[in-house]
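**Q** here is a sequence together with a model predicted from it:
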Amino acid sequence: MALFLDNSYFESIIYNLIALNAVILMIDDPIVKSEYTNQTLKLIGNFISAVFIIEFLLKVITMGFFIGKHTYVKDPFNVLDLLVVLISITTFWLELFNN
């Protein structure tokens, strides 16, 4: 599993999803009246969030969370990744309870 997570292709996919997510956030506009556009942006955003959550879980299972020398939270980039995942989950729950 560690070889898969350290693979340059996997990292490239994650980096591209980060860039795509940034573009989606720039496009997302509450003034947009098109329901189709709003639903499409929401679907893409949820897919990207799911990929980030799966990446987080795989890394925690493989590396451990915080006990050990090379664990998940010892890498600053992973801490940023954890923050993104937590915000994503919080946003999902807030939208779920808002509807």
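**A** It's in.
**Q** and stretch 32-51, how far out from the chain middle?
**A** Relative to its chain's centre, stretch 32-51 lies at 14 Å (C-alpha atoms, centre = their mean, to the nearest Å).
**Q** gap between stretch 82-96 and the chain center?
**A** Put simply, stretch 82-96 sits 9 Å off its chain's centre (C-alpha atoms, centre = their mean).
**Q** averaged pLDDT, stretch 21-39. What do you get?
**A** Here stretch 21-39 scores 83 as its mean pLDDT.
**Q** backbone phi and psi for the most far-flung residue of the chain relative to its centre, please?
**A** Distance from the C-alpha centroid of the chain peaks at Lys33, with 26.6 Å (C-alpha atoms, centre = their mean). Dihedral angles of Lys33 (phi, psi; degrees, to the nearest 10) stand at phi -90, psi -20.
**Q** low-confidence ranges in the protein?
**A** For the chain, the stretches with pLDDT under 70 are 99.
**Q** tell me where it has helices.
**A** 2-5, 8-27, 35-63, 76-98 (DSSP state H).
**Q** what about the last one, distance to the chain center?
**A** Mean-position distance between helix 76-98 and its chain equals 8 Å (C-alpha atoms, centre = their mean).
**Q** what's next to it, contact-wise?
**A** Applying C-beta atoms under 8 Å, 6 or more residues apart in numbering, the contact partners of helix 76-98 are Asn46, Ser49, Phe52, Ile53, Glu55, Phe56, Lys59, Tyr72, Val73. No exception for glycine: its C-beta is placed from N, CA and C like everyone else's.
**Q** Val32 versus the nearest residue to the fourth one once chain neighbours are set aside, what's the distance?
**A** What that stands for is Ile53. Leaving aside its chain neighbours, Ile53 sits nearest to Val85 (5.6 Å; criterion: C-beta to C-beta, 6 or more residues apart in numbering). Distance, Val85 to Val32, by C-beta to C-beta, to the nearest Å: 26 Å.
**Q** who's more crowded, those two?
**A** More crowded of Val85 and Val32, by other C-beta atoms under 10 Å: Val85, with 17 against 12.
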